[in-house]
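[1] below is the structure, and that's it, no one-letter string:
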């Protein structure tokens, strides 16, 4: 049974930080290329960062220098979000998807249920 569970969302003021975590099971989560995706109100899901199985990271231009994708010692997928902006508000998903840019339905692959981030 494949499962991805995100956590760590919340409400912060602009300029603040949040650390999102994604725990996966039921597939080779610790060896998969994984991405974090942002769903802003009224928009399509869009990749913000990806981490390949070889440890290569890629970031969307709008988060470059502010967000960091990594794995912790337990191999959970982490998204450290610093200097948050109002436009970062939305739902954040982790998925075993490796593309950058917008993604459209149907959303293939495995996705978590999302964690809400609100920046005011």
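    Yep, that arrived. Note that this is a predicted model, so its numbers are computed, not measured.
[2] quick check: the spatially most central residue of the chain vs residue 1, distance?
    Residue closest to the mean C-alpha point of the chain, counted by C-alpha atoms, centre = their mean, is residue 36 at 2.2 Å. Distance of residue 36 to residue 1, given as C-beta to C-beta, to the nearest Å: 22 Å. In short, each C-beta sits where N, CA and C put it, glycine included.
[3] so the residue nearest to the centre of the chain makes contact with residue 57?
    No - at 10.7 Å, residue 36 does not count as touching residue 57 under the criterion of C-beta atoms under 8 Å.
[4] pull up the overlap in contacts between the two.
    The contact sets of residue 36 and residue 57 overlap at 49, 50, 69 (C-beta atoms under 8 Å, 6 or more residues apart in numbering).
[5] tally of neighbours for the residue lying closest to residue 71 once chain neighbours are set aside?
    Among residues not flanking residue 71 along the chain, residue 77 sits closest, at 6.0 Å (C-beta to C-beta, 6 or more residues apart in numbering). Applying other C-beta atoms under 10 Å, we find 27 residues neighbouring residue 77.
[6] residue 77 is in contact with residue 69, isn't it?
    Yes - here residue 77 reaches residue 69: they are 7.2 Å apart, a contact under C-beta under 8 Å.
[7] what do these two both touch?
    Residues touching both residue 77 and residue 69 (C-beta under 8 Å, 6+ apart): 36, 51.
[8] need the contact partners of stretch 15-32.
    1-10, 12, 34, 36, 53, 71-72, 75-84, 92, 94, 96, 110, 112, 115, 117, 119.
[9] report the buried residues of stretch 99-110.
    100, 103, 109, 110 (16 or more other C-beta atoms under 10 Å).
[10] so who does the last one touch?
    Residue 110 sits next to 2, 4, 24, 27, 95, 96 when contact means C-beta under 8 Å, 6+ apart.
[11] narrow those to just the buried residues.
    For the contacts of residue 110, a neighbour count by 16+ other C-beta under 10 Å gives the buried set as 4, 24, 95, 96.
[12] each with direction, which strands does the host helix or strand of the second one pair with?
    Read it as residue 24. If you go by DSSP states H and E, residue 24 is part of strand 18-25. As defined by DSSP bridges, the strand partners of strand 18-25 come to strand 3-7 (antiparallel), strand 77-81 (antiparallel).
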